[in-house]
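K.L.:
here is my input; please provide its structure:
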Amino acid sequence: MATDAQQACFEAGIKFGSLYHQFAGTPVSPSSTRSLETAMAEAIENQPFCESVTVEIHDDRVADAIDHENGYTELTGSLMDVEMRIDHEGVVVDTRMTMRDGYPLMELVSVDADGSAGADGSGGR
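P.N.:
Next up is the predicted model:
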């Protein structure tokens with residue numbers, strides 16, 4: 001059986017997989033980034049144990065990625081930053097998505113079994 005910390009990390013992975021694979025490929029333009037950020041965060045926050053989700057889609061990156069006259073591109077990991085906080089049975093897991101060698105990787109920032117990770121707003125960093 002998994003420990004609470006292992007289960008909290010598993011829950012974080014599920015939420016990141018859901019967020020990324022549900023929204024990758026969504027049409028996005030600089031005028032729709034804020035509403036898409038909100039939709040993504042609110043959708044994932046519905047899931048159990050999800051304390052918070054922050055999605056930042058960078059308008060400048062979106063604008064740079066538009067390569068046709070229709071005024072939009074497809075959402076990819078390179079266009080956004082994502083952070084999540086999961087709380088499972090008092091174990092707080094802070095995560096983020098970062099680009100490594102052109103690939104979006106989801107990573108653990110901190111795992112805190114006493115539930116105080118990032119209580120100062122630092123995200124446990």
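K.L.:
need the longest helix for the chain.
P.N.:
Longest helix in the chain by number of residues (criterion: DSSP state H): helix 4-23.
K.L.:
now do the same end-to-end measure for stretch 92-108.
P.N.:
11 Å (C-alpha to C-alpha, to the nearest Å).
K.L.:
tell me the buried residues in that stretch?
P.N.:
For stretch 92-108, a neighbour-count test (16 or more other C-beta atoms under 10 Å) marks 92-97, 104, 106 as buried. In this view, the C-beta of every residue, glycine as well, is placed from N, C-alpha and C.
K.L.:
likewise stretch 49-59?
P.N.:
Buried residues in stretch 49-59, counted by 16+ other C-beta under 10 Å: 49-50, 53, 55, 57.
K.L.:
residue 20 - how many residues pack around it?
P.N.:
18 (other C-beta atoms under 10 Å).
K.L.:
now the one 3 residues further on
P.N.:
Burial of residue 23, expressed as a neighbour count using other C-beta under 10 Å, amounts to 20.
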